[in-house]
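**Student:** Below are the sequence and a predicted model for it; my questions follow.
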Amino acid sequence: MEIIQTAIPDVKIIAPRVFKDERGYFFESFNKRRFTELVGNYNFVQDNQSQSTRGVLRGLHYQIGERAQAKLVQVLQGEVLDVAVDIRKGSPTFGKHVTAVLSSENKHQMLVPRGFAHGFLVLSDIAIFSYKCDNYYDASSERGIIFNDPALHLKWGDQETFILSEKDKMLPLLQDADVFEYNTL
Ligand SMILES: Cc1cn([C@H]2C[C@H](O)[C@@H](COP(=O)(O)OP(=O)(O)O[C@H]3O[C@H](C)C(=O)[C@H](O)[C@H]3O)O2)c(=O)[nH]c1=O
């Protein structure tokens with residue numbers, strides 16, 4: 001398992017060690033001891049999975065306050081452009097983002113810490129997205145930021161149109177969104 005640093009120190013890309021043979025491949029998709037050693041001590045309590053078609057954009061989402069979630073995200077089928085935005089007021093990288101192509105091919109995972117908004121755009125016909133959360137879902141704590149907020153300077157590839165939920169179409173700009181205090185996380 002190799003850890004790839006990103007432009008935001010707390011956001012990590014994890015490249016698992018893949019064993020290939022004539023049958024196919026094997027890799028440890030999560031190993032608590034190794035993960036704690038190389039990334040940090042997370043108590044993941046909930047696994048989520050979603051399936052989406054090409055052009056679907058889910059996000060930018062997060063849970064606020066005590067119900068904030070760190071996420072370890074991966075793609076089981078297909079390919080996505082994954083985005084994490086730092087929304088920790090006081091952070092030296094506030095408003096900055098990390099993007100990474102995650103796919104069933106590269107098997108890369110991204111650790112999205114608490115205090116970040118997260119989203120992804122599906123680049124393949126179908127994508128199955130699977131991720132661990134270190135806090136339970138709480139609908140009342142759900143917040144979001146509109147994916148094309150000009151202040152974020154996000155580049156979603158050459159996609160012209162996006163498929164969003166009605167909820168995601170109405171998300172606020174970062175300037176109007178609930179954010180985190182850097183020194184409370
Ligand atoms: C997130 C979540 C949702 N739900 C229910 C609530 C809705 O009735 C239904 C679909 O939820 P939603 O449209 O919010 O699903 P996504 O758009 O994939 O949301 C996720 O997408 C982005 C990329 C994220 O990072 C978040 O983890 C999460 O917000 O599942 C649950 O029952 N439990 C959950 O943990």
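**Tutor:** Structure's in. What do you need?

**Student:** With only the CA atoms kept, save whichever helix in the chain runs longest in PDB.
**Tutor:** Longest helix in the chain by number of residues (criterion: DSSP state H): helix 32-38. The C-alpha trace of helix 32-38 is given here as PDB (Å, rounded to 0.1, in the frame of the first residue of the first chain):
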ATOM      1  CA  LYS A  32      -6.900  -1.200   9.800                       C
ATOM      2  CA  ARG A  33      -3.400  -1.800  11.100                       C
ATOM      3  CA  ARG A  34      -1.700  -0.700   7.900                       C
ATOM      4  CA  PHE A  35      -4.200   2.200   7.400                       C
ATOM      5  CA  THR A  36      -3.600   3.500  10.900                       C
ATOM      6  CA  GLU A  37       0.200   3.200  10.500                       C
ATOM      7  CA  LEU A  38       0.300   5.000   7.200                       C
END
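
**Student:** average model confidence for the helix or strand following it?
**Tutor:** Next along the chain after helix 32-38, taking DSSP states H and E as the criterion, comes strand 46-53. Across strand 46-53, the average pLDDT comes to 98.

**Student:** Show me what strand 46-53 is packed against.
**Tutor:** For strand 46-53, the packing partners by 3 or more Cβ pairs under 8 Å, 6 or more residues apart in numbering; DSSP states H and E come out as strand 126-133. In this view, the C-beta of every residue, glycine as well, is placed from N, C-alpha and C.

**Student:** Residues in contact with the strand it packs on: which ones?
**Tutor:** Strand 126-133 is contacted by residues 30, 42, 44-54, 56, 58, 69-80, 104, 120 when judged by Cβ atoms under 8 Å, 6 or more residues apart in numbering.

**Student:** Recalculate using a threshold of 6 Å.
**Tutor:** Strand 126-133 has contacts (Cβ atoms under 6 Å, 6 or more residues apart in numbering) with 44, 46-52, 69, 71-78, 80.

**Student:** what does stretch 33-41 give?
**Tutor:** Met1, Ile3, Lys12, Leu111.

**Student:** now stretch 87-101
**Tutor:** Contacts for stretch 87-101 (Cβ under 6 Å, 6+ apart): 6-8, 11, 13, 81-86, 110, 115, 117, 179-182.
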